[in-house]
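> Compute the structure for the input listed below.
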Amino acid sequence: MKRFKYVMQDKLAAVSLSVLTITVIAGLFAPWLAPHHPEDVHMELRYAASSWEYWLGNDHLGRCILSRLLYGIRPSVLWVFVALAVSVLCGGIAGIAAGYFRGRTDAVLMRACDVMLSFPGYVMTLAVIGILGVGFENIIIAFLLSKWAWFARVIRTAVMAYAEADYVKFSKAIGVRDAHIIAKHIIPAALPEIAVISSSSFGSMILQISGFSFLGLGIQAPHAEWGMMLNEARAVMFSRPEMLLAPGVAVIVVVSAVNFLSDALQVALDPKLMSSRQKQPLPAAVMTSGLHGKERGGMVG
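All right, here's what the predicted structure looks like:
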């Protein structure tokens, strides 16, 4: 609770959390918030400017840009979050098992991670696309295959430190089951670090899915996605640059909010960073004004 209060005291983090909350709600309720269906074509409104009916104008097929922007939250943010959650879950199970049990379990799991991490993430994604074909679902599969190993290795490092704690050794000595120790001691202790690495990966995954869709490898027409909207507006980027504005700003704002919130979480969940932040020296102007105040007080006395 104290850590959450510290995050909320950071104005930038509070604004970032508000932006992400509004984005998620808008994506979940897109069918009710969107003024038009995102796939309705109106060629007579091709490249139409903004109006009271179409607040952000229309694209090259006369489709409502605002509606497509709201529906684009689902693949660009919500499904990426689902892929992140599954990757963290799989990586967490492997990392906790390897870091806690050690021995042969650790050796087998880490060799599997080494094999997966030997392929760069983009190479793995392109390989999956080449085997399974172009599509948003295949990119999500590639994310799961490439991300879980990285999470497993990072979580294993954290768990190894907590597994050597005295209270864990005492629990083993008195005969407490391993499953109970992991659930009651290891996972709660490692959860802050898992939250930090997950939040820091969320922004990069949003950029990656938008980048692949921009290249035509992700979600396909007529479905809406921010990267694909940027690709569709590329043909008129000089004559109608405002067409790039809505999806571009959406990607920048959401990714920036994720990164700012991740930084605040890292400070709030790390006692060393929090103590150093709280012990930062006062600005020179404040110290000078305080000294002047003391001098004036001494002169009056």
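> Check the secondary structure at the residue lying closest to residue 153 once chain neighbours are set aside for me.
Counting by Cβ to Cβ, 6 or more residues apart in numbering, residue 113 is the residue found nearest to residue 153 once chain neighbours are left out, at 5.3 Å. All C-beta spots, glycine's among them, are computed from the backbone N, C-alpha and C. Applying DSSP: H, G, I helix; E, B strand; the rest coil to residue 113 yields a three-state assignment of helix.
> For this protein, which segments count as strands?
Ranges of strands within the chain: none, based on DSSP state E.
> Just give me the residue right at the centre of it.
residue 202 (1.9 Å; Cα atoms, centre = their mean).
> just checking, it touches residue 78?
No. Applying Cβ atoms under 8 Å, one finds residue 202 not in contact with residue 78, separated by 11.5 Å.
> Find the residue ranges of the stretch 1-150 of the chain scoring beneath the pLDDT cut-off.
Low-confidence regions of the stretch 1-150 of the chain, defined here as pLDDT under 70, cover residues 1-8.
> 80 instead, please
Within the stretch 1-150 of the chain, the ranges that satisfy pLDDT under 80 run 1-10, 121.
> Mind jotting down where the helices sit in it?
Here the stretch 1-150 of the chain has its helices, by DSSP state H, counting those that start in this stretch, at 2-9, 11-28, 30-33, 65-71, 73, 79-101, 103-117, 121-132, 136-163.
> contact partners of the second one?
Residues from elsewhere that reach helix 11-28, judged by Cβ atoms under 8 Å, 6 or more residues apart in numbering: 7-8, 33, 70, 73-74, 77-78, 253-254, 256-258, 260-261, 263-265.
> what's the spacing between stretch 179-195 and its chain's center?
21 Å (Cα atoms, centre = their mean, to the nearest Å).
> ok, the nearest residue to residue 212 once chain neighbours are set aside to residue 120 distance?
Closest residue to residue 212 apart from its sequence neighbours, by Cβ to Cβ, 6+ apart: residue 218 at 4.3 Å. The gap separating residue 218 from residue 120 is 18 Å, by Cβ to Cβ, to the nearest Å.
> picking that back up, for the helices of the stretch 1-150 of the chain, which one sits closest to residue 180?
helix 79-101 (12.1 Å; Cβ to Cβ).
> counting contacts, what elements does that closest one pack onto?
helix 103-117, helix 136-163, helix 178-181, helix 187-214 (3 or more Cβ pairs under 8 Å, 6 or more residues apart in numbering; DSSP states H and E).
> give me that answer again for 10 Å
Applying 3 or more Cβ pairs under 10 Å, 6 or more residues apart in numbering; DSSP states H and E, we find helix 79-101 packed against helix 11-28, helix 103-117, helix 136-163, helix 178-181, helix 187-214.
> Columns distance to residue 97 on top of the ones you listed, output as JSON lines?
JSON lines is the format used below for the helices and strands packed on helix 79-101 (distance: least, Cβ to Cβ, whole Å):
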{"stretch": "helix 11-28", "distance to residue 97": "31"}
{"stretch": "helix 103-117", "distance to residue 97": "6"}
{"stretch": "helix 136-163", "distance to residue 97": "9"}
{"stretch": "helix 178-181", "distance to residue 97": "10"}
{"stretch": "helix 187-214", "distance to residue 97": "12"}
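> Of these, which is nearest residue 230?
Across these, the minimum distance to residue 230, taken as Cβ to Cβ, is reached by helix 187-214, at 5.2 Å.
> Figure out how far the closest one is from the centre of its chain.
4 Å.
> for it, packing partners?
Using 3+ Cβ pairs under 10 Å, 6+ apart as the contact test, the elements touching helix 187-214 are helix 79-101, helix 121-132, helix 136-163, helix 226-233, helix 242-269.
> Please identify the most buried of these.
Comparing these by mean neighbour count (mean count of other Cβ atoms under 10 Å), helix 226-233 comes out on top with a mean of 24.
> Return the alpha-carbon coordinates of that helix using CSV.
The C-alpha trace of helix 226-233 is given here as CSV (Å, rounded to 0.1, in the frame of the first residue of the first chain):
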residue,chain,number,x,y,z
TRP,A,226,-2.5,1.4,-35.2
GLY,A,227,0.6,0.2,-37.1
MET,A,228,-1.5,-0.7,-40.1
MET,A,229,-3.3,2.7,-40.0
LEU,A,230,0.2,4.3,-40.2
ASN,A,231,1.0,2.1,-43.2
GLU,A,232,-2.3,3.1,-44.9
ALA,A,233,-1.6,6.8,-44.4
